[in-house]
Structures are given as C-alpha cells and as structure tokens.
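J.: sequence unknown, structure follows:
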C-alpha cells in the first residue's frame, strides 16, 4: 500500500492553462514537502508545509496543506513550458524518519 | 558549491558483475540516502544512514549493500548485478530526519545504470 497517493499520474496541457495536482494519504503528517524533478536531474525542494490549512505561494505555484494534515495540493497558474517536470510529494516516515516519496505527477506543458 | 556529487553518471554492467556507486556531500549532513527511480514507481528507498558508521535497510534493499565509513561519503554496492537492477540511482542527504519538521533533502544528479 502506497503511503502517499499522487494524482493525476500524467498531465499534458497547453501553455497558459491552470492545473492542480494532489497528494493524498489516510495518515496524518507533521509536515509535507513538494519537490520538482526536471529531466536528467535530481529532485529539488519547492516548499515545506507544516500547519493544517496552510497556504504557501511560490510565484505562480500555490501549495495547500489540508486542514487535517492528510493531504496537499499544488496549483499552477498560467503554466509555462519551464514548469515541465515530475512533481513529487514527500513526508518524513519510517522507523528513523527517512523521507518517503509519492510516485509523482509527470507534467508536460506544451508551447 | 558542490552539494551532493555522484559518480559515475552512467555505467553499463554485464549480469553478475559488481560495482560501487559513490556519493559525496560537502554540507556536513547527518542523513544520507540511496534511492532508485524506475518508470511509474517513483523514488524507492534502498538503504539509508543516520550518521557515520550506521546504515539501515529501506524499502528495496535486496541485492545491494552500503557503507558509511566517513560522514561525507555513502557507498552503494552491487555484488552481482542483475537486469532487474537497471535503473536510475539517486543519492540524497539531509541535515536531520526523525521528528524534525524541517528537513530538506538535497539530491545528486543521478547514476544511470544498465545491466545487460
């Protein structure tokens, strides 16, 4: 059973469109992270959310942590080709607090 | 700033051969991780270390061994490579883990391994 479920798995949109991707779980987390991975590179941290209901903005990206701290969403406004990549959510889990990742949403933004 | 450096970047092995992947970080991080990434499977944890001289198994440890003799280095070994180990391998490090709420993982650029 996957601890973190991300949806959709794939998303292909045109430049200028808006989109939302989701990260869901049945467990409660103290914090949740979003990473972006560009082709041929390692993931890079975008944001950490820690408080239920928290909203953080990073330019055109808006991140929200669910009130119950079981889910999170990432909304991109007016997507650009540079937003293309794999978006991963992650939490601290395991017996010694190692990072656990969802399978990711692969986003393709066409010009 | 180097951050996390993985060597080699590409490698082709024959079935049964052995090799070691090297990960080096210059941020004085305690935690280091080895992940493999396969299409549709996301990042899966192979082994990790919470400090020099310690290692622990992750989600998919079979067929791999690791060592953390120095704080800055984390080695991943394949004793007898199999085609199922064809993957992209990522090393990562973080300042802390456990109950810490603020932990950023820094990743290397990956090693693309093909076993034929």
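T.: All right, it came through fine. All figures in this text were calculated on a predicted structure; none of them were measured in a lab.

J.: so where do the strands sit in chain A?
T.: A:5-7, A:10-14, A:19-24, A:32-37, A:44-49, A:55-58, A:61-65, A:71-76, A:85-93, A:98-101, A:105-110 (DSSP state E).

J.: of all those strands, which lies closest to residue B:76?
T.: Across these, residue B:76 has its closest neighbour in strand A:98-101 (15.1 Å, C-beta to C-beta). For every residue, glycine as well, the C-beta is placed using N, CA and C.

J.: pLDDT of that closest one, averaged?
T.: The pLDDT scores in strand A:98-101 average 82.

J.: now stretch B:41-52
T.: Stretch B:41-52 comes out at a mean pLDDT of 91.

J.: tell me how far that stretch lies from the chain's centre.
T.: Between the centre of stretch B:41-52 and the centre of its chain there are 6 Å (C-alpha atoms, centre = their mean, to the nearest Å).

J.: tell me if it is near chain A.
T.: Yes. Using C-beta under 8 Å from any C-beta of the partner chain, stretch B:41-52 reaches chain A at B:41, B:42, B:43, B:45, B:48, B:50.

J.: give me the residues contacting that stretch.
T.: Contacting residues not belonging to stretch B:41-52 are listed as A:43, A:88, A:94, A:96, A:98-104, B:30-38, B:55-61, B:64-66, B:68-71, B:74, B:76, B:89-90, B:97-98 [C-beta atoms under 8 Å, 6 or more residues apart in numbering or on different chains].

J.: show me what counts as buried in that stretch.
T.: Residues B:42, B:43, B:44, B:45, B:46, B:47, B:48, B:49, B:50 are the ones in stretch B:41-52 that count as buried (16 or more other C-beta atoms under 10 Å in any protein chain shown).

J.: now swap in stretch A:65-79 and tell me
T.: Within stretch A:65-79, the residues scored as buried using 16+ other C-beta under 10 Å are A:65, A:66, A:69, A:70, A:71, A:72, A:73, A:74, A:76, A:79.

J.: can you report phi and psi for the one residue in chain A that gets nearest to chain B?
T.: Using C-beta to the nearest C-beta, residue A:42 is the residue of chain A that sits closest to chain B, at 2.9 Å. With angles defined as degrees, to the nearest 10, residue A:42 sits at phi -80, psi 160.

J.: in chain B, where is pLDDT below threshold?
T.: B:1, B:97-102 (pLDDT under 70).

J.: just list whatever residues bridge to residue B:64.
T.: Taking DSSP bridges as the rule, residue B:64 bridges to residue B:78.

J.: so which helix or strand of chain A has the lowest pLDDT on average?
T.: Of all helical and strand segments in chain A, the minimum by mean pLDDT, DSSP states H and E falls on strand A:98-101, at a mean of 82.

J.: give me the contacts around that one.
T.: Residues contacting strand A:98-101 (C-beta under 8 Å, 6+ apart): A:3-4, A:33, A:35, A:88-94, B:31, B:33, B:35, B:42-43, B:45, B:48, B:56, B:58, B:92, B:94, B:97, B:103, B:105.
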